[in-house]
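**Q** Quick check, what structure comes out for this input:
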Amino acid sequence: MADLTIRPASPDPRTLVRLRVPLADAPRAAAAMDLPNTPLRWSGSDPSALWIGPDEWLLVSDSRSAEEMVARCQDLLRDVLHAATDLSDALACILLEGSNAHQLLAMGSGIDFDSSVFTPGQCVRTRIAKLAVVIRAIDREQFEMFLDRSVSRYFLEYLGRNARDIG
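**A** Residues are numbered from 1 along each chain as shown. Below is the predicted model of the structure:
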């Protein structure tokens, strides 16, 4: 197999919260919570915020509970209509590492995952193998992918089959 490691984040300790605001209030929400307001970017360390739409972010934490993250949203966005939803049990995280990771991602999506285009600090919501997946570039050869937990096994098998084709 190619130079690739594909594995579920296990145990998956991450807390995942989806934050949505009215489009007109997105700049104010981004400023209040220090969220990326540029398409295809993510920022922060714990929690990190992934831009997945002009009015939507995925907040990811390794140390904070969903209750803490939702309370933080309520506190910082008290004057902004918003919905902060705990998705921790709904989404799985799959890690992809290796020099051929960009090529594997490109095999199933219309996104340009070339390492000179999709660089660390970027994220995208796309479809791979007909599944909705949020992908963030951690560094040049390391990615995290978030998708519905119910299809994560199928997605792991899909990635494994295509990884063999790369080799």
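**Q** Identify the neighbouring strands of the lengthiest strand in the chain in the sheet and state each direction.
**A** Of all segments of type strand in the chain, defined using DSSP state E, the longest is strand 131-139. Applying DSSP bridges, strand 131-139 is found paired with strand 123-128 (antiparallel), strand 142-148 (antiparallel).
**Q** Any buried residues in it, and which?
**A** Leu131, Val133, Val134, Ile135, Arg136, Ala137, Ile138 (16 or more other Cβ atoms under 10 Å). Any C-beta I mention is one placed from the backbone N, CA and C, and that applies to glycine too.
**Q** did I read that right, Phe155 in a helix?
**A** Yes. Per DSSP: H, G, I helix; E, B strand; the rest coil, Phe155 lies within a helix segment.
**Q** distance of it from Pro36?
**A** 25 Å (Cβ to Cβ, to the nearest Å).
**Q** likewise Ala132?
**A** Ala132 sits 20 Å away from Pro36, going by Cβ to Cβ.
**Q** mind giving me the domain split of this structure?
**A** Here the domain parsing of the chain from automatic domain parsing is 5-10+90-166, 15-86.
**Q** Which among the strands paired with strand 131-139 is found nearest to Pro27?
**A** For the strands paired with strand 131-139, proximity to Pro27 was assessed by Cβ to Cβ; strand 123-128 is nearest, at 19.0 Å.
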